[in-house]
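Peer 1: Need the 3D shape of this:
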Amino acid sequence: MKTDSTPGRRFYERQIELLEAGDVDRLIDEQYRKDATLVGFDVLVKGSDALREHFREYLDHLGGLEVLSTDKFTETEDSIFFEATVLSKLGEAKVYDVFLLRDGRISHHFTGVTSVVPLRAQEA
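Peer 2: Residues are numbered from 1 along each chain as shown. Model prediction:
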């Protein structure tokens with residue numbers, strides 16, 4: 001990890017490290033409050049147990065993921081907002097996420113996908 005990075009950037013990098021490793025238990029234990037809520041247009045998940053189940057199913061569905069780039073990033077004392085490009089077995093996706101932090105952990109996680117290029121389309 002870079003020593004000159006900001007607290008929000010270090011938090012984000014740890015989030016990505018745990019997701020790419022598929023380490024759902026540490027992801028939830030280290031990054032999320034026990035009462036955290038994840039919100040997307042097609043998903044609403046509340047609490048540690050439900051978040052563990054959600055992330056296990058999510059990563060299984062994606063066949064894992066790799067963050068190719070962080071395209072936009074901003075933070076405040078208690079929030080992180082970013083856009084990234086990720087690769088999974090489904091293809092390359094442009095995603096965005098907002099983490100609202102309380103006591104150094106995520107209390108609310110808003111997430112979404114703006115576009116996906118399926119792998120087959122990339123190969124053409």
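Peer 1: Now residue 109: which helix or strand?
Peer 2: For residue 109, the host element (DSSP states H and E) is strand 105-118.
Peer 1: From the contact counts, what lies against that strand?
Peer 2: helix 24-31, strand 32-40, strand 91-102 (3 or more Cβ pairs under 8 Å, 6 or more residues apart in numbering; DSSP states H and E). The way it works is simple: take the backbone N, C-alpha and C, and place the C-beta from them, glycine included.
Peer 1: what about those, which gets the closest to residue 6?
Peer 2: Taking Cβ to Cβ, strand 91-102 is the member of those nearest to residue 6, at 12.8 Å.
Peer 1: Report the distance from the closest one to the chain centre.
Peer 2: Relative to its chain's centre, strand 91-102 lies at 5 Å (Cα atoms, centre = their mean, to the nearest Å).
Peer 1: Give me the contacts around it.
Peer 2: With Cβ atoms under 8 Å, 6 or more residues apart in numbering as the test, strand 91-102 has contacts from 11-12, 15, 33, 68, 71, 78-87, 106-122.
Peer 1: Note down every partner strand of it and its orientation.
Peer 2: Strand pairing for strand 91-102, determined by DSSP bridges: strand 79-88 (antiparallel), strand 105-118 (antiparallel).
Peer 1: sorry, back to before: make a PyMOL selection of the buried ones in the contacts of strand 91-102.
Peer 2: This is how PyMOL selects the buried members of those, with burial counted by 16 or more other Cβ atoms under 10 Å:
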select buried, resi 11+12+15+33+80+81+82+83+84+85+86+87+106+108+109
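Peer 1: neighbouring contacts of the strand holding residue 109?
Peer 2: Strand 105-118 is touched from outside by 30-33, 35-41, 43, 83, 90-101, with contacts defined as Cβ under 8 Å, 6+ apart.
Peer 1: How about stretch 31-50?
Peer 2: 11, 14-15, 18, 28-29, 51, 54, 102-103, 105-112.
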